[in-house]
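J.: how would this look folded up:
(2 chains)
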2 protein chains.
Amino acid sequence: MDTFFSEALKEAEIGIAEGGIPVGAVLVHNGEIIGRGHNKRVQKGSPIIHAEMDAIENAGRQSVSVYKESVLYTTLSPCPMCAGAILHYGIPKIVIGENTNYLGAEDMLIENGVSVIVLNDRRCKQLVDYFISENPELWNEDVGAS
Amino acid sequence: MDTFFSEALKEAEIGIAEGGIPVGAVLVHNGEIIGRGHNKRVQKGSPIIHAEMDAIENAGRQSVSVYKESVLYTTLSPCPMCAGAILHYGIPKIVIGENTNYLGAEDMLIENGVSVIVLNDRRCKQLVDYFISENPELWNEDVGAS
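T.: Numbering: from 1, shown residues only, chains lettered A, B, ... in the order given. From the prediction side, this is the model:
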């Protein structure tokens, strides 16, 4: 699990290096990363390419049989859009780096039977802390707060 | 309302003309279409570009103050991913063409205070009927059923 989570964190670091919001994710199927990505609000001017969406997008078209054996690793608690994508495709498990800077729709996932693990990873939180201190408005835009 | 809905239907028609899944959407702010789009699973090999997502994406980065005065028109009941996007950005109202070929996460929207109007539009249903009869597997893939 640590290896996959580290890859999600690497994606978050790539995001911040690109001037973007530092959230990363990887989609893992049977012990192999099939999709990886990071938030691209800044890079692509996109309101929908959150890290989880980017990882799912980059995994390409998959059947439900693949999704239902997959795990999504993300550095930040997923917003309702990303949680909805997880539910739509039946991904059964998500590993989350932190949920203190933003608490997303974890309840919605749990209510629908998704296994939710929160790591409270210090590095994820520090990276977002760093970003928010410099870009509070951008952060609020991305989490739908302003 | 009819004009905006007609534009969503036009997008669905463009989708089918491209060989894609015939679902279209427009995002309307203060009486003006600010984003429009259609399902691009086939065209872009994308699992995330549903019609509603495409319309939100094509509207670009917007503030919550814009979303909260917007209405999303879509030809088909929104899946959990698209419903989640609506909730994340606080879009208060959705007008849906039909929900018989696929009933999405309307309950989730209603529970969270979104105004949901279902038109039961015959044309939307017929267009999807036509598509499903020729492409049942593709349809099931898109709605997360296979």
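J.: and the residue of chain A found nearest chain B, what pLDDT?
T.: Using CB to the nearest CB, A:Gly84 is the residue of chain A that sits closest to chain B, at 2.6 Å. Glycine gets a C-beta too; all of them are placed from N, C-alpha and C. If you check A:Gly84, the pLDDT there is 98.
J.: sec struct for it, please.
T.: helix (DSSP: H, G, I helix; E, B strand; the rest coil).
J.: and it, how many neighbours does it have?
T.: 28 (other CB atoms under 10 Å in any protein chain shown).
J.: Give me every residue in chain A lying close to chain B.
T.: Counting by CB under 8 Å from any CB of the partner chain, chain A comes close to chain B at A:41, A:45-48, A:53, A:56-57, A:59-64, A:67, A:79-85, A:87-90, A:105, A:108, A:141, A:144-146.
J.: Only whichever of these are buried, select them in ChimeraX.
T.: A single ChimeraX command selects the buried members of those (16 or more other CB atoms under 10 Å in any protein chain shown):
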select /A:41,46,47,48,53,56,57,59,62,64,67,79,80,81,82,83,84,85,87,88,89,90,105,108,141,144
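J.: What about the residues of chain A next to chain B, which are in strands?
T.: Secondary structure from DSSP state E places none of the residues of chain A next to chain B in strands.
J.: Tell me which entries of the residues of chain A next to chain B lie within helices.
T.: A:41, A:53, A:56-57, A:64, A:67, A:80-85, A:87-89, A:108, A:141 (DSSP state H).
J.: Low-confidence ranges, chain A, go.
T.: A:1 (pLDDT under 70).
J.: remind me, longest helix of it?
T.: helix A:2-17.
J.: how about the CA coordinates for that helix, as PDB?
T.: Below are the C-alpha coordinates for helix A:2-17, written out as PDB (Å, rounded to 0.1, in the frame of the first residue of the first chain):
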ATOM      1  CA  ASP A   2       2.800   2.400   0.900                       C
ATOM      2  CA  THR A   3       4.300   2.200  -2.600                       C
ATOM      3  CA  PHE A   4       1.000   3.100  -4.300                       C
ATOM      4  CA  PHE A   5       0.300   5.900  -1.900                       C
ATOM      5  CA  SER A   6       3.800   7.200  -2.500                       C
ATOM      6  CA  GLU A   7       3.000   7.300  -6.200                       C
ATOM      7  CA  ALA A   8      -0.100   9.400  -5.500                       C
ATOM      8  CA  LEU A   9       2.000  11.800  -3.400                       C
ATOM      9  CA  LYS A  10       4.500  12.000  -6.300                       C
ATOM     10  CA  GLU A  11       1.600  13.100  -8.500                       C
ATOM     11  CA  ALA A  12       0.700  15.800  -6.000                       C
ATOM     12  CA  GLU A  13       4.400  17.000  -6.100                       C
ATOM     13  CA  ILE A  14       4.200  17.100  -9.900                       C
ATOM     14  CA  GLY A  15       1.100  19.200  -9.500                       C
ATOM     15  CA  ILE A  16       2.700  21.800  -7.300                       C
ATOM     16  CA  ALA A  17       5.800  21.900  -9.600                       C
END
